[in-house]
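>>> Turn this into a model:
(2 chains)
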Amino acid sequence: MINQLSFPSFVWKNLWRRRLRTLLTLCGIGMAIGAFVGLVGFSSAFEQAWLHIYTSSGTDIAVIQRTFLNTSIDESAAGKIRALPLVAQASPMIYNVMDLTPEVNALVYGWKADSYEFKSLRILSGQRFRDGKPEVILGYLLAEDLKMKPGDTLEIQGSPFKITGIYHGGSALEADALIMPLDELQQLSGLEGKVSTIDVRLRPAPPGEPPEKYLKQAQAQIEAVVPGTKAVPAAERASNNEFVRLAHASAWGTSSIALLIGILGIANTMAMSVFERTRELGILRALGWSRWQVMLLIQMEAAVLGLGGGIIGIVLGCCALRLLARLPQTASIVSSQVPYPLLAETLGIAFWAGLLAGAIPAWRGAQLSPVEALRHD
Amino acid sequence: MTSPALEMRDVRKSYEQGQIEALRGVDLSIATGEYVAISGPSGSGKSTLLHLLGGLDSPTTGTILFKNASLGSDIDLDTYRSRKVGFIFQAFHLMPTLRAIENVQLPMLGLSRRGMDRAARARDLLMEMGLEDRMESYPNQLSAGERQRVAIARALANEPDILLADEPTGNLDSKCSANVMQMLTGIQKRHGMTLIVVTHDDAIAHAAPRQIRIRDGKVEQ
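Residues are numbered from 1 along each chain as shown, chains lettered A, B, ... in the order given. Model (predicted):
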């Protein structure tokens, strides 16, 4: 068997030659990609949990203020929406984050006692709250955190609230949340007569009517009857609410910085490599290699570093997510399952990061004059 | 008269914005299949001349022709180096991470040859150089003479028309030098190649059928 030399094997030998540096560079880009997988995976799981809140309760549309952030609309709009022929149910609600104790904060929902959203909950013990009463129900994870059960009293902003039930939520986010009567939360947060959003369930579309067209028709009717509001399909609302947007922005922002550091690491490695191999690049040029081939060699080395780092990063990121999915503080939100499109996206980003990092060193390597390069010590 | 393989017409090469003149109006013609030794004192411009003939550099003024095609304009320098010339260096310049057989395949990577064909060609060349037992050795496992023979095999990889050797025996003892020169002249005769050897060694220069002496950037034939 004759030993064949190919372009990829030459690339590999060049990288393997300086193992420690290659390994350290792989670790650097691996950490960056790991941070990306962990953070973006976390925010995607967060978005999925929000989406699940809507899908499990059968919400089709969320009606919010047009300005979008800190959305606040009149509760009375729910009646106008409910009167529309396409609408089956409309449920006004408030959601917010609240400090329950110095150590525990939680998502707090204000619902009407007859809200259809209860359909997505399973009461594990006790019963629902009643409108106008200082009563709450707790998600089972929050109840565990607070070590409370039905019949206990929880103090919220100095007022006692009786825990009437413990529930299992349709979404992981609800498991760590608290739900109380809408009017009580309005009073607590000084938003009398106001709600964050009105969740809407539509009547089934007539046979033959395309669901998208039906949904658009309902959106238009709602926006017409309640001026200044926006009727957003549930899936879009799940990915666009302020919590999810904040989570996405934080994840992308932090991982972009990590990626930038990783790219600089590869660029540094490749620049050093080109400098140290100046004479060898000159030899390749003397042997007839074109500038393009020299560039390709260096770019392939950089891309292999990027891809290798990407694979290490995916393993690290998945391990981090698995760990978070087991921790009680994050188990309700984090899923250990990383979506396949995210993995493909990550490998693509790692590959392009390698190419980007290798671009300048490759260009410099290709510009070397063969004679000057051969004279280089 | 055999047609010229290489011609230089009033070639000048200067460095550092004209302050150093390495070659000062060189006119030269080397016939196809000719064996030429270029000699001269250090700094006379021998290596510059060889680099220009090999397409590693371009002249400041003047023209270099390969079979009547102007280098750098009629024929691209990369193509010329990869297909028409083979280089042999004094310091061998083998890749330390590659085995002997892989070093020989290196110039062929750029050409559209199949991997198996490249490897077979490299094996045949190393066998021709008497290195059949050293194919899988790395350069640091080879003697100086063996390394130079690997470098010769590498120079022949793409079946060039011209073989350019820059002090090919400069790092070898006298016995190895004689072997390498015998090998080079044998190849030149067998393949009908043009062989141009830059040397300090008077014995090597005198053994060549034609000797070109360079002094102060000018040819003294």
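
>>> Straight-line length of stretch A:236-249, end to end?
End-to-end distance for stretch A:236-249, by C-alpha to C-alpha, to the nearest Å: 16 Å.

>>> ok now that stretch, how far from the chain's centre?
Centre-to-centre, stretch A:236-249 and its host chain are 8 Å apart (C-alpha atoms, centre = their mean, to the nearest Å).

>>> Pull the residues that contact that stretch.
A:42-43, A:46-47, A:50-51, A:53-54, A:62, A:64, A:68-70, A:197, A:232 (C-beta atoms under 8 Å, 6 or more residues apart in numbering or on different chains). The C-beta positions use only the backbone N, C-alpha and C, and glycine is treated the same way.

>>> same question, stretch B:172-181
Counting by C-beta under 8 Å, 6+ apart, B:143-145, B:148-149, B:152, B:168-169, B:201, B:204, B:207 sit against stretch B:172-181.

>>> If you rank those by neighbours, which is first?
B:Q148 (30 neighbours; other C-beta atoms under 10 Å in any protein chain shown).

>>> Let me know the secondary structure of that one.
Following DSSP: H, G, I helix; E, B strand; the rest coil, we place B:Q148 in the helix state.

>>> Just want the most central residue of chain B.
Taking C-alpha atoms, centre = their mean, the centroid of chain B lies closest to B:L164, which sits 1.6 Å from it.

>>> Neighbours of the closest residue to it other than its chain neighbours, how many?
Residue nearest to B:L164 in three dimensions, not counting chain neighbours: B:G54, with 4.7 Å by C-beta to C-beta, 6 or more residues apart in numbering or on different chains. B:G54 has 26 neighbours, counted by other C-beta under 10 Å.

>>> Look at residue 206 and say how many residues are nearby.
Just so you know, I chose chain A. A:P206: 8 neighbours (other C-beta under 10 Å).

>>> Please refer instead to chain B.
If we define neighbours as other C-beta under 10 Å, then B:H206 has 10 of them.

>>> Report the contact partners of it.
Here B:H206 is in contact with B:A37 (C-beta under 8 Å, 6+ apart).

>>> Try it again at 10 Å.
Shown in contact with B:H206 (C-beta atoms under 10 Å, 6 or more residues apart in numbering or on different chains): B:37, B:39.

>>> For it, give its distance to chain A.
28 Å (C-beta to the nearest C-beta, to the nearest Å).

>>> quick one: that residue is in a strand?
No: going by three-state DSSP, the assignment for B:H206 is helix, not a strand.

>>> Please identify which residue in chain B comes closest to chain A.
For chain B and chain A, the shortest gap (C-beta to the nearest C-beta) falls at B:S82, measuring 2.5 Å.

>>> Specify the local secondary structure of residue 55.
Looking at chain A here, since you left the chain open. A:T55 ends up helix, using three-state DSSP.

>>> my question was about chain B
Relying on three-state DSSP, one would call B:G55 coil.

>>> so who does it touch?
B:G55 neighbours (C-beta under 10 Å, 6+ apart): A:286, A:288, A:370, B:64, B:66, B:71-72, B:75-82, B:84-85, B:87, B:162, B:164.

>>> buried subset of these?
A:286, A:288, A:370, B:64, B:66, B:71, B:75, B:77-78, B:80-82, B:84-85, B:87, B:162, B:164 (16 or more other C-beta atoms under 10 Å in any protein chain shown).

>>> Inside strands: which ones of the residues you listed?
B:64, B:66, B:85, B:87, B:162, B:164 (DSSP state E).

>>> Most widely separated two among these?
The distance between the two most remote of those (C-beta to C-beta) is 15.9 Å, for B:I64 and B:F87.

>>> what is the rounded mean pLDDT of whichever strand or helix holds A:H248?
For A:H248, the element it lies in under DSSP states H and E is helix A:242-276. Here helix A:242-276 scores 85 as its mean pLDDT.

>>> Return the nearest residue of chain A with respect to chain B.
The nearest approach of chain A to chain B comes at A:G288, 2.5 Å away (C-beta to the nearest C-beta).

>>> in the chain, which spans are helices?
All of this refers to chain A. All helices of chain A, identified by DSSP state H, fall at A:7-17, A:19-57, A:77-82, A:140-146, A:172-175, A:182-188, A:211-225, A:234-240, A:242-276, A:278-286, A:291-326, A:340-367, A:370-375.

>>> that's the wrong chain, I wanted chain B
Going by DSSP H, chain B shows helices at B:46-53, B:77-83, B:100-105, B:115-128, B:144-156, B:174-191, B:202-207.
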